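S.K.: Fold the following.
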Amino acid sequence: MLYRYSAVFTTKLKQEKLKYFSHPQVIEPLNKKQGVVSVSKSNFLLLLVFISLLTLIITDFFPGTEWYIQYGPFILTAIIIFIMAIFEKKEVESKKIASADEKRKRRNHFLVFIAFIWLIVMAMNIFVGEPEGDIFNIKNPEFWILVVILPLLSQFHYKKSTDGT
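M.R.: Numbering: from 1, shown residues only. Down below sits the predicted model:
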């Protein structure tokens, strides 16, 4: 007797589910695959480089860190980029020219990335102490030249004498 009632109940429940999932307002969000994050290959590689660079910077402030912990993520990132370059399909069509908005967006992302690196290095210098290497020591001119001035200068576009203008 109990089995008969449970079978009737589960059949009614299945019918209700079918009615619910066949409704157009329910099918549309299910087809959009909400919640699935897709990352492009270039963003994935940028994230790898960012994480490995961050690891390199932070471990430089702790003397005695093994070399494979400090340089390992950077080496693995280089290997992954090399392998991806080998297996990448060559496109017959030339790449599209980036619009001005895309260039401005890339420049803004680069500046935010550089500013974040500056903040990390300066905070580590203040709160942890001087790093093992000189490049991330804010008291040395190498930091100001290589980490501050050169990335900023790379964002300016200079006209070359061969541009014809």
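
S.K.: What residues sit buried inside the helix or strand harbouring residue 59?
M.R.: Per DSSP states H and E: residue 59 is located in helix 41-60. By neighbour count with 16 or more other C-beta atoms under 10 Å, helix 41-60 contains the buried residues 48-49, 52-53, 55-60. Using the backbone N, CA and C atoms, a C-beta is placed for each residue, glycine as well.

S.K.: what's the closest of those residues to residue 75?
M.R.: Nearest to residue 75 out of the buried residues of helix 41-60 is residue 52 (C-beta to C-beta; 8.4 Å).

S.K.: neighbours around the closest residue to the closest one other than its chain neighbours, how many?
M.R.: Nearest residue to residue 52, sequence neighbours excluded (C-beta to C-beta, 6 or more residues apart in numbering): residue 73, at 3.8 Å. Using other C-beta atoms under 10 Å, residue 73 has 19 neighbouring residues.

S.K.: need the contact list for residue 73.
M.R.: 51-52, 55-56 (C-beta atoms under 8 Å, 6 or more residues apart in numbering).

S.K.: If we use 7 Å, what do you get?
M.R.: Neighbouring residues of residue 73 by C-beta atoms under 7 Å, 6 or more residues apart in numbering: 51-52, 55.

S.K.: can you redo those as TSV with pLDDT and distance to residue 65?
M.R.: Shown next, in TSV, are the contacts of residue 73 (pLDDT from 0 to 100; distance: C-beta to C-beta, whole Å):
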residue	pLDDT	distance to residue 65
51	93	16
52	93	14
55	93	10
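
S.K.: still on that earlier bit, buried stuff in whatever helix or strand comes next after the helix holding residue 59?
M.R.: Later in the chain than helix 41-60, the nearest helix or strand by DSSP H and E is helix 67-87. Neighbour counts using 16+ other C-beta under 10 Å place 70, 73-74, 77 of helix 67-87 among the buried residues.

S.K.: Scan the protein for its longest helix.
M.R.: Secondary structure of the chain per DSSP state H: the longest helix is helix 100-127.

S.K.: Could you list every helix and strand in contact with whatever helix or strand comes next after that helix?
M.R.: Note on helix 100-127: by DSSP H and E, the next helix or strand toward the C-terminus is helix 141-142. Contact partners of helix 141-142 among helices and strands, from 3 or more C-beta pairs under 7 Å, 6 or more residues apart in numbering; DSSP states H and E: none.

S.K.: same for whichever helix or strand comes after helix 141-142, what does it pack against?
M.R.: Sequence-wise, the next helix or strand downstream of helix 141-142 (DSSP H and E) is helix 150-153. In this structure, helix 150-153 makes packing contacts with no helix or strand, judged by 3+ C-beta pairs under 7 Å, 6+ apart.
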